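Peer 1: Quick one, fold the following:
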Amino acid sequence: MLASGLAEAQGTYGTKVQAGDPDIGLPLSQFAAIPPGLILSQSNFWISYWDLNANGLYDAQDVPYLQFGSTNFFPPAQRIVRANNIRLAGWGNYPAGSYVKASDPDIGQQLNTWPLYVLPSAPAVGFYYLNVAGTAGYDLEDPVYLKVLSNPLLNQLGTNDIRITGYANYPAGSRVSITDIDAGKDLTAFVAPIVPPLANQMGGPSAATGGPIGSFMFFNANGNVAGPVPPNPAFSAIFDDGDVVYFHVGASVAGGAAVGPGDIRLF
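Peer 2: Residues are numbered from 1 along each chain as shown. This is a model prediction of the structure:
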């Protein structure tokens, strides 16, 4: 699994790390504000979509991406598909969890974000979990979703929300349909939504009241590092070709952490 071609879909996308797995304990790095600059630094992550059918709406035809090193607000021309962005749902011959290559046909495509207050769109676009275990907090049994078109007040699963992990017979990367058995179920946020909702356009986990309990981190497979770039510590890890992203659940210390049970493989 952790061999050449890590940044391709390995059939591991959306799987949860279990005790005894070979990647347990791998060091994880945070995305740092390293070149090409603060606006396009790797610490800027966004969940955006390519409006493939150009109808101005997010629907089943569109391709959602997890982006690093892009910008969400200004200038809009910079909000494009870039190498090593992650496709969160399949497109064409590219499965969910595939990493964009510089030669792929979607490179450079313009990306959109979800609107702020257009119901039923959720201002708090990001990762949520379905508490099927019924216990306090997130468990290994709980499936994880990208909530994009759910009711922002009820946090319910809606049409075209995306399964980050599989649920029942639905695979990771599949979209929720109104007739699916998980449609309409209540979700729990990994963090409380930020106020005002404008800040939530980053998508995914971010600082909020009580602090985050989940974050995007990566295994620096090729060991590439940058020199000191204040205010970051010296030798910040560079996310580039060959590295792989995890949704790490739990605390990180001094800019890093280790792969542990319950983390989700995004490759």
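Peer 1: Run through the stretch 51-200 of the chain and note the low-pLDDT ranges.
Peer 2: In the predicted model of the stretch 51-200 of the chain, residues 69-77, 114-124, 149-154, 191-200 satisfy pLDDT under 70.
Peer 1: how about the strands in it?
Peer 2: 63-68, 86-87, 126-129, 144-147, 162-163, 188-189 (DSSP state E, counting those that start in this stretch).
Peer 1: From Ala226, how far off is Gln67?
Peer 2: 19 Å (C-beta to C-beta, to the nearest Å). Every residue, glycine included, has its C-beta placed from N, CA and C.
Peer 1: cool, and Arg265?
Peer 2: 25 Å.
Peer 1: the more surrounded of those two?
Peer 2: Neighbours per residue (other C-beta atoms under 10 Å) separate Arg265 from Ala226, with Arg265 holding more: 24 against 16.
Peer 1: Could you give the bridge partners of the more buried one?
Peer 2: Tyr246 (DSSP bridges).
Peer 1: Kindly report the same for Tyr49.
Peer 2: Going by DSSP bridges, Tyr49 forms beta bridges with Pro64, Asn112.
Peer 1: Same check on Tyr94?
Peer 2: Beta-bridge partners of Tyr94, as defined by DSSP bridges: Trp91.
Peer 1: Arg87 is in contact with that one, correct?
Peer 2: Yes - Tyr94 lies in contact with Arg87 (C-beta atoms under 8 Å); the separation is 5.7 Å.
Peer 1: Looking only at neighbour counts, state which of those two leads.
Peer 2: Arg87 (25 against 19).
Peer 1: burial measure for the closest residue to the more buried one other than its chain neighbours, as a count.
Peer 2: Leaving aside its chain neighbours, Arg87 sits nearest to Ser98 (5.2 Å; criterion: C-beta to C-beta, 6 or more residues apart in numbering). By other C-beta under 10 Å, the residues close to Ser98 number 22.
Peer 1: where does Ser98 fall, phi/psi-wise?
Peer 2: Main-chain torsions, Ser98, degrees, to the nearest 10: phi -80, psi 150.
Peer 1: Does Gly14 lie in a helix or a strand, and which?
Peer 2: Gly14 belongs to no helix or strand when assigned by DSSP states H and E.
Peer 1: residues contacting it?
Peer 2: Applying C-beta atoms under 8 Å, 6 or more residues apart in numbering, we find Gly14 in contact with Ala96, Gly97, Arg163, Ile164, Thr165, Gly166, Pro171, Ala172, Gly173, Ile264, Arg265, Leu266.
Peer 1: hmm, try it at 6 Å
Peer 2: By C-beta atoms under 6 Å, 6 or more residues apart in numbering, Gly14 lies in contact with Ile164, Thr165, Ala172.
Peer 1: Could you do Ala168 as well?
Peer 2: Counted by C-beta under 6 Å, 6+ apart, Ala168 has zero contacts.
Peer 1: For Ala102, list the residues it contacts.
Peer 2: Counted by C-beta under 6 Å, 6+ apart, Ala102 has contacts Ala83.
Peer 1: ranges for the helices of this structure?
Peer 2: Counting by DSSP state H, the chain has no helices at all.
Peer 1: start to end distance for stretch 20-31?
Peer 2: Stretch 20-31 has its terminal residues 26 Å apart, counting by C-alpha to C-alpha, to the nearest Å.
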